[in-house]
Every structure is written in C-alpha cells, then in structure tokens.
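In: Need a 3D model of the sequence below.
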Amino acid sequence: MKAKKAVKRLTRVEALLSNVIDGFAAGERAVKELLDNAKAAVVRARKTLNLKAPPAAEKKPPVRARSAKSRLTAEGRKKLSLAAKKRWAEAKRKGVSAVTGRPLTKTA
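Out: You can find the predicted model right below:
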C-alpha cells in the first residue's frame, strides 16, 4: 500500500476511534483506556508514515491544449480550393461524379 493511502486510512481510523471514545460513558474506564491506547498507537503510526513518505514529485504544468476551433489560414484555404478544383476537373474529364465517383449520366 502506498504511504499516502495508508496515512489517509489511519487518519480515518483515528477519527472513528475519537467518536467511539467520546460515546463511552465515564463509568467504562477500562474500555476507554484501551481505546485511548489504540488511538495513541494509530497516531504514532501515522506520524511514522509521514516521516518516511517521500515528498511528492512536482508535476509538470499541463501542456496547453489546442483551442477547440482550429482556423484555416488564408493560404491554407486557397490551397484547399485549388485542390478541390483540380479534383473536379479530373473527375469531369473521366466522366465521373467528383462527389460519388459514379459515372455521369446525361439528362434530357
């Protein structure tokens, strides 16, 4: 188990023991003493783990994600337009539809 997880669990156990100890009546001295000893042991274990735990490694800052809208430059738009026109011209020469790739049919 990782040290960080163990410390979290020990902290939770310490809180639970505190609640149980507070709930006991003053007359239950023997049981309350045992619970106090258990709580002290949990506190010591947690402190020991805190000392042994290596410091958390520094995380790199997140790389800035590309914006959701990527925009074409004017040059890119012009290149796409020229490429599409070439495709259409070639398709027309071959006699097929540039969109579907099916042969063109003559209409009346």
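In: what's the longest helix in the chain?
Out: For the chain, the helix with the greatest residue count under DSSP state H is helix 29-52.
In: got the contact list for that one?
Out: 3, 6-7, 10-11, 13-14, 17-18, 20-21, 24 (CB atoms under 8 Å, 6 or more residues apart in numbering). Quick note: C-beta positions are derived from backbone N, CA and C, even for glycine.
In: Throw those into TSV and include secondary structure, neighbour count and pLDDT, thanks.
Out: Shown next, in TSV, are these (DSSP: H, G, I helix; E, B strand; the rest coil; neighbours: other CB atoms under 10 Å; pLDDT from 0 to 100):
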residue	secondary structure	neighbour count	pLDDT
A3	helix	14	78
A6	helix	16	85
V7	helix	17	85
L10	helix	20	88
T11	helix	13	89
V13	helix	16	90
E14	helix	17	89
L17	helix	18	86
S18	helix	12	86
V20	helix	14	84
I21	helix	16	82
F24	coil	12	73
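In: Identify the structural domains in the chain and state their residue ranges.
Out: 3-52, 75-108 (automatic domain parsing).
In: ok, so of the contacts of helix 29-52, who is nearest T107?
Out: When these are ranked by distance to T107 (CB to CB), A3 comes first, at 78.0 Å.
In: quick one: the closest one and A45, what's the gap?
Out: 11 Å (CB to CB, to the nearest Å).
In: and the longest helix of the chain, which residues are buried?
Out: 32, 35, 39, 42, 46, 49 (16 or more other CB atoms under 10 Å).
In: separation between the third one and R12?
Out: In this case it means K39. Separation of K39 from R12 (CB to CB) stands at 13 Å.
In: try the fifth one
Out: The spacing between R46 and R12, counted by CB to CB, is 10 Å.
In: Point to the residue nearest the middle of this protein.
Out: When CA atoms, centre = their mean is applied to the chain, the residue found nearest the centroid is P62 (11.5 Å).
In: Can you pull the phi/psi pair for that one?
Out: phi -60, psi 140 (degrees, to the nearest 10).
In: follow-up on the earlier one: could I have the CA atoms of the helix or strand just after the longest helix of the chain written out in PDB?
Out: Next along the chain after helix 29-52, taking DSSP states H and E as the criterion, comes helix 74-94. Extracted in PDB, the C-alpha atoms of helix 74-94 (Å, rounded to 0.1, in the frame of the first residue of the first chain):
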ATOM      1  CA  ALA A  74      -6.000  32.300 -46.000                       C
ATOM      2  CA  GLU A  75      -3.100  30.400 -47.600                       C
ATOM      3  CA  GLY A  76      -4.500  27.000 -46.500                       C
ATOM      4  CA  ARG A  77      -8.000  27.900 -47.600                       C
ATOM      5  CA  LYS A  78      -6.700  28.800 -51.100                       C
ATOM      6  CA  LYS A  79      -4.700  25.500 -51.400                       C
ATOM      7  CA  LEU A  80      -7.800  23.500 -50.500                       C
ATOM      8  CA  SER A  81      -9.800  25.400 -53.000                       C
ATOM      9  CA  LEU A  82      -7.300  24.700 -55.800                       C
ATOM     10  CA  ALA A  83      -7.000  21.000 -54.900                       C
ATOM     11  CA  ALA A  84     -10.800  20.700 -55.000                       C
ATOM     12  CA  LYS A  85     -11.000  22.400 -58.400                       C
ATOM     13  CA  LYS A  86      -8.300  20.100 -59.800                       C
ATOM     14  CA  ARG A  87     -10.200  17.000 -58.400                       C
ATOM     15  CA  TRP A  88     -13.500  18.200 -60.000                       C
ATOM     16  CA  ALA A  89     -11.800  18.900 -63.400                       C
ATOM     17  CA  GLU A  90     -10.200  15.500 -63.400                       C
ATOM     18  CA  ALA A  91     -13.500  13.800 -62.500                       C
ATOM     19  CA  LYS A  92     -15.200  15.700 -65.300                       C
ATOM     20  CA  ARG A  93     -12.600  14.600 -67.800                       C
ATOM     21  CA  LYS A  94     -13.100  11.000 -66.700                       C
END
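In: With that, I have no additional questions.
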